[in-house]
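Undergrad: Below are the sequence and a predicted model for it; my questions follow.
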Amino acid sequence: MTSRRHLLKLALSAPVLARAAAAPAPSVAPEMAPESFIARIRPLFKRMDPTRPGDWLAEHAEPGQTYQQYRKAQPDRVIDRFRNLRIVPIGPLTEGQRAVLEITVDFMKPFFGLPLVLDPQVPLSTIPANAQRELYQRAPKQLLTSYLLNQVLRERRRDEDAAVLGITGMDLWPGAGWNFVFGQASLTERVGVWSMARNGNADHAQLRKLCAVRTVMTATHETGHMFGIRHCIAYKCGMNGSNNASERDRQPLEFCPECQPKLWWSLALDPLRRSRALESAARRHGFDRIAADLGGQSRALAGS
C-alpha cells in the first residue's frame, strides 16, 4: 500500500496540482455557535501572564480583538466566499522537513475545516538574488517575506482559495531593521508564509516532534491572521504574538475563548466535532500534552 509520506513526495514533485483533500461538511449552522460553548471552554484557558522584558507586548502596543469585535469587523464569513486552503512548499525540504509538512497538513485540515490543495514546490533558483541574503558571514540563507508574499504566493492564489500558505525550510526576514521572522501573513491579500528553520532539527528523530509542534503553531497562527483574526492579548492563545522561540513555546496551540469562536462562525464549524478531530490528530502524532488539553476541551464542549 502506498504510504502517506510517499504520496506527499509525489505531490511536491508533480508538475500538476495535487487534488484537494476532502473535508467533512460542517454539521452546525454558523448562527448555532452559541455563547454557551464559549462559556464551557473559558475556564480551561489561562489569562495572559504579566509581560516580561523582550516579550511581544513589551515592544508592540496592541488593542486585542474580542469575538464581538471580530464579528463587527468581518460581516462576511470565509466559508461563504472560499472553498479551500492552498499550501505552497518553497525551496528545498529535507526528508525530516517533508515529514513535518505532512504532520502540519494533518493538523490544518481539522483546525480550519477546509480542504487543502498542495502545489508543486517552488525552486530556490526562481527566487531572485535581491530576495535572498546571509545575515552574517556563513549564516544560513534567508528569504525575503515581502517577495514571497507579493510575487510568489499572490500569483498562486485562485478565486476559490481562502488563503495561500507558503512553507519553507529556509529562514525568513521581513525587511530592513529585522533579523528574522517565524512567519508573516497579509490580512488583505490572503497570503502567508512560515519557516521551519528555527523550529528545531526535523531530521533528528528525537527533535522532530518539537519542530512539528512549532511549525503547526506558526501555520495556524499565520492562517488565523489571514482570516482577519488579530493578535490576542486576553488569554494564553495560539494567536498571541511572539518575539522569540521561548515566548512562543509558552503559548498553547489552540485558540482561546475569544479567538476560537471566530473560526466557528467564519468557517461554519461544529465546535465539538472540530475539537475531537484535533485531539485525534494530536494523539496520532504523539503530541500527548496537546492531546490531553484538547481532550479536556472536547469533554467541556460536550457538557461532560
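TA: Structure received.
Undergrad: mind checking how far residue 84 is from residue 108?
TA: Distance, residue 84 to residue 108, by CB to CB, to the nearest Å: 11 Å. The C-beta positions use only the backbone N, C-alpha and C, and glycine is treated the same way.
Undergrad: intersection of neighbour lists for these two?
TA: By CB atoms under 8 Å, 6 or more residues apart in numbering, residue 84 and residue 108 have these common neighbours: residue 116.
Undergrad: the more surrounded of those two?
TA: Between residue 84 and residue 108, residue 108 has the larger neighbour count (other CB atoms under 10 Å), namely 21 against 18.
Undergrad: so what's that one up against?
TA: Each residue near residue 108 by CB under 8 Å, 6+ apart is listed here: 85, 87, 116, 216, 219, 220, 223.
Undergrad: My reading is that it is in a helix; is that accurate?
TA: Yes - under DSSP: H, G, I helix; E, B strand; the rest coil, residue 108 falls within a helix.
Undergrad: Which of the contacts of residue 108 sits closest to residue 284?
TA: Nearest to residue 284 out of those is residue 216 (CB to CB; 12.5 Å).
Undergrad: What is the burial count for the closest residue in space to that closest one that isn't next to it in sequence?
TA: Distance criterion CB to CB, 6 or more residues apart in numbering; nearest residue to residue 216, sequence neighbours excluded, is residue 107 at 4.7 Å. Neighbours of residue 107 under the rule other CB under 10 Å: 25.
Undergrad: cool, residue 212 as well?
TA: Other residues close to residue 212 by other CB under 10 Å number 27.
Undergrad: so what's it up against?
TA: Residues in contact with residue 212 (CB under 8 Å, 6+ apart) are 99, 100, 103, 104, 202, 285, 287.
Undergrad: one more time with 10 Å, if that's ok
TA: For residue 212, the contacting residues are 96-97, 99-104, 106-107, 196, 199-200, 202, 285-287, by CB atoms under 10 Å, 6 or more residues apart in numbering.
Undergrad: confidence score at it?
TA: Looking at residue 212, its pLDDT stands at 96.
Undergrad: And for residue 225?
TA: Looking at residue 225, the pLDDT reads 90.
Undergrad: The residue lying closest to it once chain neighbours are set aside pairs with what?
TA: Excluding the flanking residues, the one nearest residue 225 by CB to CB, 6+ apart is residue 185, at 4.2 Å. With DSSP bridges as the criterion, residue 185 is bridged to residue 192.
Undergrad: Please determine how far residue 185 is located from residue 226.
TA: Using CB to CB, residue 185 is found at 5 Å from residue 226.
Undergrad: and if you look at residue 135?
TA: The spacing between residue 135 and residue 226, counted by CB to CB, is 27 Å.
Undergrad: Likewise for residue 238?
TA: 14 Å.
Undergrad: Also residue 103?
TA: Residue 103 is 21 Å from residue 226, where distance means CB to CB.
Undergrad: cool, residue 55 as well?
TA: Distance of residue 55 to residue 226, given as CB to CB: 24 Å.
Undergrad: do the same with residue 240
TA: With distances taken as CB to CB, residue 240 is found 17 Å from residue 226.
Undergrad: Just want the phi and psi numbers for residue 122.
TA: Note on residue 122: backbone dihedrals following degrees, to the nearest 10 are phi -90, psi 120.
Undergrad: measure stretch 241-257 end to end?
TA: Criterion CA to CA, to the nearest Å; first-to-last residue distance in stretch 241-257 is 17 Å.
Undergrad: Where do the helices of the stretch 201-304 of the chain begin and end?
TA: 208-226, 245-249, 260-266, 271-284, 288-302 (DSSP state H, counting those that start in this stretch).
Undergrad: Can you add distance to residue 174 and give those helices back as TSV?
TA: Listed next are the helices of the stretch 201-304 of the chain as TSV, based on distance: least, CB to CB, whole Å:
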stretch	distance to residue 174
helix 208-226	12
helix 245-249	16
helix 260-266	25
helix 271-284	29
helix 288-302	28
